[in-house]
Structures are given as C-alpha cells and as structure tokens.
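*Asks:* curious how this folds, go ahead:
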Amino acid sequence: MAKKRILAVEDEAVVARDIEQTLTRLGFEVVGTAQFANEAVAKAAETRPDLVLMDISL
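*Replies:* Coordinates of the predicted model:
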C-alpha cells in the first residue's frame, strides 16, 4: 500500500520540523511544508496531498 501523502502547514519552523520528522517516522510521506496559508494552497495544488495538516491559528 502506498504511503499517505501529507502537507504540513505551520508558521513556527521548529514545530514544522518536529511534525515532519514525526510523520515520517510514523510511515507517512510528507510532500512539503508551508509557513503561510497562500503558500499552502499553492503547494497543495502542486503536490495533491491526501491530507493537509494545518495550524489552526493560520
């Protein structure tokens, strides 16, 4: 079965890096990270992830 593809959106770099490492360790494919909502929309259109994990404050 193919790995689920996730786009992580987080404005704090340290937290984004931790999320990416944790998801990778759990067997997911992180297709990218974004810091801003407009960047996330563009990356989602480009990478077509299965899930977008987004900071609620953005």
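*Asks:* drop to CA atoms for contacts and neighbour counts, all remaining ones
*Replies:* Will do.
*Asks:* helices of the chain, residue ranges please.
*Replies:* 13-25, 37-47 (DSSP state H).
*Asks:* with respect to I56, which of those helices lies nearest?
*Replies:* When the helices of the chain are compared by Cα to Cα, helix 37-47 sits nearest I56, at 10.7 Å.
*Asks:* that closest one packs against which elements?
*Replies:* Using 3 or more Cα pairs under 8 Å, 6 or more residues apart in numbering; DSSP states H and E, the elements in contact with helix 37-47 are strand 5-9, strand 29-34.
*Asks:* how about those strands in JSON lines, adding mean neighbour count, mean pLDDT and distance to D50?
*Replies:* Shown next, in JSON lines, are these (neighbours: other Cα atoms under 10 Å; pLDDT from 0 to 100; distance: least, Cα to Cα, whole Å):
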{"stretch": "strand 5-9", "mean neighbour count": "23", "mean pLDDT": "98", "distance to D50": "5"}
{"stretch": "strand 29-34", "mean neighbour count": "20", "mean pLDDT": "97", "distance to D50": "10"}
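*Asks:* tabulate these (a markdown table), appending distance to V15.
*Replies:* Formatted as a markdown table, the helices and strands packed on helix 37-47 follow (distance: least, Cα to Cα, whole Å):
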| stretch | distance to V15 |
| --- | --- |
| strand 5-9 | 10 |
| strand 29-34 | 11 |
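*Asks:* show me what contacts I6?
*Replies:* By Cα atoms under 8 Å, 6 or more residues apart in numbering, I6 lies in contact with F28, E29, V30, V31, G32, P49, D50, L51, V52, L53.
*Asks:* one more time with 10 Å
*Replies:* 20, 23-24, 28-33, 44, 47-53 (Cα atoms under 10 Å, 6 or more residues apart in numbering).
*Asks:* and it, how close does it get to A42?
*Replies:* Using Cα to Cα, to the nearest Å, I6 is found at 14 Å from A42.
*Asks:* quick revisit: for S57, find the nearest of the helices and strands packed on helix 37-47.
*Replies:* Nearest to S57, of those and by Cα to Cα, is strand 5-9 at 10.4 Å.
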